[in-house]
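Engineer: Have a look; sequence and predicted model below, questions after that.
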Amino acid sequence: MSKPICSRTGKECDRDCTFDTACMGEHFSVYQFFIDGTHERVRHFVSALEAVKAARHYTDNVATRMGVIERVIITDGGDMTCFEWKNHRRGA
């Protein structure tokens, strides 16, 4: 019996990827945007679960509470925004 072919790598795979969206071909990136207009990609080519966990972290940390982080987004493999959070606290 042959092994399944990974949709991401195109090679045979031993993993059971039924619930792993990254292995099913869905990949996401997470970006944070700062008040000075710059941005940083904090996750790239990750599963939906990993992207949501990262977005949760970047929307609820010290820099966010201080008003340094202005916005956090999750984009899919087609560079479409799937999630957007905006900081309305604006710091101290």
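Structural biologist: Perfect, thanks for sending it.
Engineer: Look at Met66 and say how many residues are nearby.
Structural biologist: 14 (other C-beta atoms under 10 Å). Any C-beta I mention is one placed from the backbone N, CA and C, and that applies to glycine too.
Engineer: Any figure for the gap between it and Phe45?
Structural biologist: 29 Å (C-beta to C-beta, to the nearest Å).
Engineer: again, but for Phe83
Structural biologist: 17 Å.
Engineer: for Tyr58, same thing?
Structural biologist: From Tyr58 to Phe45 the distance is 17 Å (C-beta to C-beta).
Engineer: Those two: which has the busier surroundings?
Structural biologist: A direct count of neighbours by other C-beta under 10 Å for Tyr58 and Phe45 places Tyr58 higher, at 22 against 12.
Engineer: which SS class is the more buried one?
Structural biologist: Under DSSP: H, G, I helix; E, B strand; the rest coil, Tyr58 falls in the helix class.
Engineer: okay but it is in contact with Glu70, surely?
Structural biologist: No: contact criterion C-beta atoms under 8 Å: Tyr58 and Glu70 do not qualify, at 11.1 Å.
Engineer: shared neighbours, those two?
Structural biologist: Listed contacts common to Tyr58 and Glu70 are nil; contacts here mean C-beta atoms under 8 Å, 6 or more residues apart in numbering.
Engineer: Just list the residues touching Ile73, thanks.
Structural biologist: 30-31, 33, 55, 81, 83-85.
Engineer: Of all the residues in the worst-scoring helix or strand of the chain on mean pLDDT, which ones are buried?
Structural biologist: Least confident element among the helices and strands of the chain, by mean pLDDT, DSSP states H and E: helix 62-66 (a mean of 92). Across helix 62-66, burial judged by 16 or more other C-beta atoms under 10 Å covers Thr64.
Engineer: Which elements pack onto that helix?
Structural biologist: Contact here means 3 or more C-beta pairs under 8 Å, 6 or more residues apart in numbering; DSSP states H and E; on that basis helix 62-66 packs against no helix or strand.
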